[in-house]
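Undergrad: What follows is a predicted protein model with its sequence.
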Amino acid sequence: MMNLIPVAENLWTVSQPFRYLGLEVGTRMTIVRLDSDLILISPIQLQTRDCPTLNALGTVRHLMAPNRSHYLFLNQAQDLFPDAVVWGVEGLAEKRPELKLDALLNQPGRMGDNLDYLPIDGFGALLPRGIALAYETVFCHRPSRSLILTDIAFNFDASYPWVTQLAARVMGTTGLKPSKFEKWGTREKDKVKASIQRVLAWDFDRVIPAHGSIVETDGKAQLKTGFEWFFDEAL
């Protein structure tokens, strides 16, 4: 059964196991309801048996691939919800031409009155095949004061396997922050800084990462501290 967790009114998460570079890092989908419409941010691996659970919440209208890495299960979600609008980021269509994208998350915007979104310009990562830009978009659910992230920050706390915690310490990800892979791979830190300052101007307290535990309170301060480490300067 789908592990649906209520976070706040009109806001849920679903998590699944996921391994990266041999480490269990988990992955999380966030579900936002606007009126009766559902937005699935970073779809996980969904099955036909999951549809009744989602349909009980509302109608899936939007599927969000919020960066160039979180697309792995997008096709499955499209098959299950063929009438949903599929959103991607810059460069994703070129990377995965088999994906059908209807709209781009390449400008700041708002969905309804309650969900803001913002691309993080210039954010990159040092990956096994070299440096790549993420083109990540972050979201803010205004009523619950929740920031929704994908790969710009992680939070691998004591609930994760010890080997994941050890790797997180080695890579600098103790607390809510990017890793050294992102710090080393980002060449346009001025652009990233401008975007992060806009994010920190939002009114949020909770932070929901795609990988790592949710920060229920004091999330803005923790994210600010994490990016001060990333930039090596105060924000």
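TA: Here it is on my side, so go on.
Undergrad: hey, let's count contacts and neighbours off CA atoms from now on
TA: Will do.
Undergrad: The worst-scoring helix or strand of the chain on mean pLDDT pairs with which strands?
TA: Least confident element among the helices and strands of the chain, by mean pLDDT, DSSP states H and E: strand 130-133 (a mean of 82). Its sheet considered, strand 130-133 pairs with strand 124-127 (antiparallel) by DSSP bridges.
Undergrad: Please write out the alpha-carbon positions of the partner strand in PDB.
TA: C-alpha atoms of strand 124-127 as PDB (Å, rounded to 0.1, in the frame of the first residue of the first chain):
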ATOM      1  CA  GLY A 124      25.200  22.300 -10.500                       C
ATOM      2  CA  ALA A 125      26.700  19.100  -9.200                       C
ATOM      3  CA  LEU A 126      29.800  17.100  -9.700                       C
ATOM      4  CA  LEU A 127      28.500  13.700 -10.900                       C
END
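Undergrad: Other residues contacting it?
TA: Ile131, Ala132, Leu133, Ala134, Tyr135, Phe181, Glu182, Lys183, Trp184, Gly185, Thr186, Arg187 (CA atoms under 8 Å, 6 or more residues apart in numbering).
Undergrad: now it, how far from the centre of its chain.
TA: Remark: strand 124-127 is offset 16 Å from the chain centroid, using CA atoms, centre = their mean, to the nearest Å.
Undergrad: By neighbour count, which bits of that strand are buried? Give me those.
TA: Gly124, Ala125, Leu126 (16 or more other CA atoms under 10 Å).
Undergrad: before we move on, what about stretch 17-25?
TA: Residues Glu24, Val25 are the ones in stretch 17-25 that count as buried (16+ other CA under 10 Å).
Undergrad: Repeat that for stretch 157-172.
TA: So, applying 16+ other CA under 10 Å, buried residues of stretch 157-172: Asp157, Tyr160, Thr164, Gln165, Ala168, Gly172.
Undergrad: next helix or strand past the one helix or strand Val207 maps to?
TA: Secondary structure from DSSP states H and E places Val207 in strand 206-208. Reading on from strand 206-208 to the C-terminus, the next helix or strand found by DSSP H and E is helix 219-231.
Undergrad: Tell me the helix or strand right after the least confident helix or strand of the chain.
TA: Going down the chain from strand 130-133, the next helix or strand is strand 137-141, by DSSP H and E.
Undergrad: Run me through the strand neighbours of that next one, direction for each.
TA: strand 115-119 (antiparallel), strand 146-148 (antiparallel).
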